[in-house]
Every structure is written in structure tokens, then in C-alpha cells.
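>>> below are the sequence and a predicted model; questions follow.
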Protein chains: 2
Amino acid sequence: MTAIARLMRERDLKPGDRLPAEALLSKELQVSRTVIREALRSLAALNLVRLGAGRRPTVAELDDGAFSLMFEHGVVTDQIDIQQIYDARRTIETRTAALAAMRRSEAECRAILSHAQAMEDQLDHPDAVMEHDIAFHIAIARASRNPVFVLIIGAFQGITRQTWPIGWKSRASDDERRAMNALHMKIAESIAAGDPKASSTLMGEHFDQSIKALLNAGLI
Amino acid sequence: MTAIARLMRERDLKPGDRLPAEALLSKELQVSRTVIREALRSLAALNLVRLGAGRRPTVAELDDGAFSLMFEHGVVTDQIDIQQIYDARRTIETRTAALAAMRRSEAECRAILSHAQAMEDQLDHPDAVMEHDIAFHIAIARASRNPVFVLIIGAFQGITRQTWPIGWKSRASDDERRAMNALHMKIAESIAAGDPKASSTLMGEHFDQSIKALLNAGLI
DNA sequence: TGTAGTAAACCTGTATGACAGGTTTTCGAA
DNA sequence: TTCGAAAACCTGTCATACAGGTTTACTACA
């Protein structure tokens, strides 16, 4: 695996570029095809390469899938708890909201706003609200222009999908749910207005309320 | 791979617990041993399991190695730049410093202080200073009691090892290097004093100066 | 009864060959 | 020049074999 990673570096390969075929790598690195396959599987697990039947491996774009698995593993094996995830999210996402306010494009504004609006419009469909909620946060991360944050925040979505319904149900009424959505809307507006301080503050409040909801639900 | 991960979850396996042997998994999941091996390699690449010749696979503790590879891949393939890493570090590490001030044990204080002291004492040995610098940050992350932060910060050390010498050399004099170390010491002291606000502020300054040094070096 | 040593059983890591099915490239015809 | 088909390339899975490492069980001795 190390040898293949080194080879990608030496050849200055970029996302989308093709690696040599298994058979050729086997010859080049003087090991059996089995070892190459196992190494490629490892690299694929890390989303560093993409594999496909009949196709040669290609260098992959960054992808949060592997991060996501690791965080989930941490939770499943009781090495990480939900409160820790939310604290990390709050820390990072107050920053991405501020950066988004400074760096977003008009198209990104519209996307963020449309997710907030969709949450408001689809209050009767919690599943849809959840997907828009997740997309809302990821759109903000993207608008921050920092792929490190995009990766990390994207990686939390698996856990978020598990905790979100609990938080949603723990709110006492639809009015409370609407208030949550109104906060989303305010965040979107302050990002659109290019106000980093307000964006950060509002995002912090949003997380404080989400954490409180999970506390009320006994999840934390 | 998914099936094996599911199996770990269903059997409520914890770090150190043993998985069934390849041959047994092969029988249980009705696939050849090759497929099991490839899947286990994938899980090992993510540091979710540990493999060893002659030993059965065991569930692994969280480990930043895989994260580290992914961040490095991002940098090598020009998907992440150093400034983005430093911004993410600043965001997270101002928070870990604050949490450490609130949650650290006496032993953790001593460890953090000793790393800061060692940096001061070994100014003539940049390699040693770097290792203590990295350990200093990780010790603070540990004292934060949030393994999510520990993972992420630990994952940056590969990149840090590459950029640190450049930042060190870009400082104009040993006096400047001593000033950097003095700031480390101040951070350690404010964590020991249990002052989250000061810890956070000082860590922010530390990062501002490190980022400036890398700017001066033309790395950002 | 407890301990140490050894052998057997278990276990992984690597190699090889075979074959099914998917993808890409090449060549010939229109 | 374009399109279609065939050939070449390519991956995914399976099975078998063997080398070398680890764990377990058993026996002998104190």
C-alpha cells in the first residue's frame, strides 16, 4: 500500500488520473497480484483511489466516507459519545459559518437559503427536513472554501442521521420546530449579508439549542 | 467489509475483542477467503481492526493514522493547501486549549508543561523541539477529553512534520524562537491555572504567529 | 497442584491458476 | 469520418498450496 501511495506521489497523479493495472503493478513491485489487490482495497477504503470492475484504478477526489466510518466506529465501540461529536461540530461550524459569510458566492447563498426554506416548507416530512438540514450544513462548509472542514463536517452526517430524528421528536411542539427552522433562516440570511460575526453567533445558538434538545431526549 | 463491520456492531465488540478467523468468516458470510482478506485489509486501512500474522483480527482503538493519510493525500493531490490546514487547526485548537483548562488532570498539566519546558531546553536541537511541539498539542487535545479532537489533531501531525522545519527556519533569530517557546509556556501555565479564556486566546495568538512564519517562508 | 516445555491445532500472508463478466481499444466496413 | 464488432485488457471471485507465526492443550516434573 505504501509503495502504491508513493508511486502516486512520484508520478504527480491527480484525481481522475489512472494508475497502472493490477497485473502491471504486480510486475513493477515484484509481488503477486493478491498483494496488489489487497493494497488497492486498502487505498480504496481510505477513498484515496477508486476501483471499478473492468476499469483501472483511478486517483480519487477527497471524500468523507472513510472519515464517516471511523467516527461511527468510535461511537459504536463506545470510544466517542454524542456530546463530544456535537461539541466538535459546534467548534467547527461556528467557524465555517463565519468563513462562508466572507467567501460565499451568490449561487452558494441561494443554495443555503433554499435548504433553509425547504426545511420550513416541509415541516410535515421530517425525513426531508433532515436531508435539507444536513445539506444546509454541508453547503455552508463548502462556502467556507476549506476542504478540511468540508471533510470533517461531511463525516459527521452518518451520526447526524441517527441522532437527528431523536432531537426532532424531543422538541415539544411544531412551534419549537419552526423556531429551529427560523434560526436556520437567520443563519442563511446573515451569511448572505456577509456578516461573519452574526453568522458565527447564530450558528453557535443553533448548536446550543440542538444540544439542549438532545439532552432533553436523554441522548447525551 | 460492510458485513464484517455489521458483525462487529451486532456482537457489541469493543477494542481488543477478537473477530472470528478468516476461515470462519468465509463460511459464515458464504464468500471465499480472498474476499474476507480484502475486506479485512480495508478495515485495517481504516484502523478499525488490527491484523497480525498468526493472530485473529481484533477490534482496534481509534487511531489517527488513517485520517493522517487522507489529509496528506489531499495535500499531495493539491486538494488541500497548508493555509487551510492551519485555519482548521487554529479553530479546533483554541477550543481544545479552553477545554483542557477546564478538564485537565494534574498529571496532564505536568505533561503539557514538561513538553513546553523541553522545547525551551533543547533549542539547539530542532528535531527534538518539533517532536515536543507536536506532543504538546496532542497532550492538550487529550486533556480536552474529546476524542474527536484528539483524532483530528493527531491526524495533522504528518503535515506538521513537513511544515514545521520551514516555519522554524523562517524565524529570524533564536530570540524569535524563544519567544515562540515562551508562548507555549504561557499556554501551559494558563491551562494549569484553569483559565479557559486565556488558554484559548493564547493558543489563537500562537497560531497567528505560526501562520505568519509560514507566510514569511512562502509556504502559504 | 502448579509450572514449564513441546507438539498439535489454529491462523495469517503470499503465490498461483482458473474463469466469469465488465471496460477499453482497435480495426474494418460503410 | 463514424459506427459497430471483435479482440485485448481489466477486475472480482474462487480454490488450492505452502511457509511461517500464534495459541491451545497436554504431559512431565517438582
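Here it is on my side, so go on.

>>> when you work out contacts or count neighbours from here on, use the C-alpha atoms and nothing else.
OK.

>>> grab the most central residue of chain A for me.
Residue closest to the average C-alpha location in chain A (C-alpha atoms, centre = their mean): A:Gly154, at 0.4 Å.

>>> can you tell me the average pLDDT over the helix or strand hosting that residue?
Using DSSP states H and E, A:Gly154 sits in helix A:147-155. Averaging pLDDT along helix A:147-155 gives 94.

>>> same check, this time on stretch A:201-212
The predicted model assigns stretch A:201-212 a mean pLDDT of 94.

>>> and for stretch A:22-30?
Averaged across stretch A:22-30, pLDDT comes to 88.

>>> that stretch close to DNA strand D?
Yes: Stretch A:22-30 is in contact with DNA strand D by C-alpha under 7 Å from any atom of the strand, via A:22-24.

>>> ok, of those, which one's closest to A:Glu108?
Relative to A:Glu108, the closest of the residues of stretch A:22-30 next to DNA strand D is A:Glu22; by C-alpha to C-alpha it sits at 40.8 Å.

>>> relative to A:Met119, how far out is the nearest residue to A:Arg161 once chain neighbours are set aside?
Leaving aside its sequence neighbours, A:Arg161 sits nearest to A:Met130 (C-alpha to C-alpha, 6 or more residues apart in numbering or on different chains; 7.5 Å). Relative to A:Met119, A:Met130 is positioned 8 Å away (C-alpha to C-alpha, to the nearest Å).

>>> higher neighbour count, these two?
A:Met119 (27 against 19; other C-alpha atoms under 10 Å in any protein chain shown).

>>> and that one, what is it in contact with?
A:128-130, A:132-133, A:181 (C-alpha atoms under 8 Å, 6 or more residues apart in numbering or on different chains).

>>> for A:His184, see how far away A:Ser114 is.
A:Ser114 is 11 Å from A:His184, by C-alpha to C-alpha.

>>> those two - which one has more neighbours?
A:His184 (24 against 16).

>>> who does whatever helix or strand that one lives in touch, helix- and strand-wise?
In the assignment (DSSP H and E), A:His184 maps to helix A:174-192. Contact here means 3 or more C-alpha pairs under 8 Å, 6 or more residues apart in numbering or on different chains; DSSP states H and E; on that basis helix A:174-192 packs against helix A:82-103, helix A:106-121, helix A:196-216.

>>> pLDDT value on whatever residue of chain A ends up closest to chain B, please?
Closest to chain B within chain A is A:Ser42: 4.4 Å, counting by C-alpha to the nearest C-alpha. Listed pLDDT for A:Ser42 reads 90.

>>> isn't it up against A:Ile4?
No: look at A:Ser42 against A:Ile4 with C-alpha atoms under 8 Å: they stay out of range, at 10.6 Å.

>>> so between the two, which is more surrounded?
Between A:Ser42 and A:Ile4, counting by other C-alpha under 10 Å, A:Ser42 is the more crowded of the two (23 against 17).

>>> surely the more buried one is within a strand?
No: applying DSSP: H, G, I helix; E, B strand; the rest coil, one finds A:Ser42 to be helix, outside a strand.

>>> okay, now the domains of chain A?
Chain A breaks down into these domains under automatic domain parsing: A:2-59, A:65-216.

>>> and the shortest one, end to end?
Between the opening and closing residues of domain A:2-59 there is a gap of 15 Å (C-alpha to C-alpha).

>>> what of stretch A:6-22?
First residue to last in stretch A:6-22 (C-alpha to C-alpha) measures 16 Å.

>>> contacts for it?
A:33, A:36-37, A:56-61, B:76-78.

>>> out of those residues, which end up buried?
Buried by 16 or more other C-alpha atoms under 10 Å in any protein chain shown: A:33, A:36-37, A:57-61, B:76-77, out of the contacts of stretch A:6-22.

>>> show me which residues of chain A sit near chain B.
Applying C-alpha under 8 Å from any C-alpha of the partner chain, we find that chain A lies next to chain B at A:9, A:12-15, A:37-39, A:41-46, A:48, A:61-62, A:66-67, A:70-71, A:73-74, A:76-80, A:84-85, A:88, A:91-92, A:95, A:146-149.

>>> drop anything exposed from those.
Using 16+ other C-alpha under 10 Å, the buried members of these are A:13-15, A:37-39, A:41-46, A:48, A:61-62, A:66-67, A:70-71, A:73-74, A:76-77, A:79-80, A:84-85, A:88, A:91-92, A:95, A:146-149.
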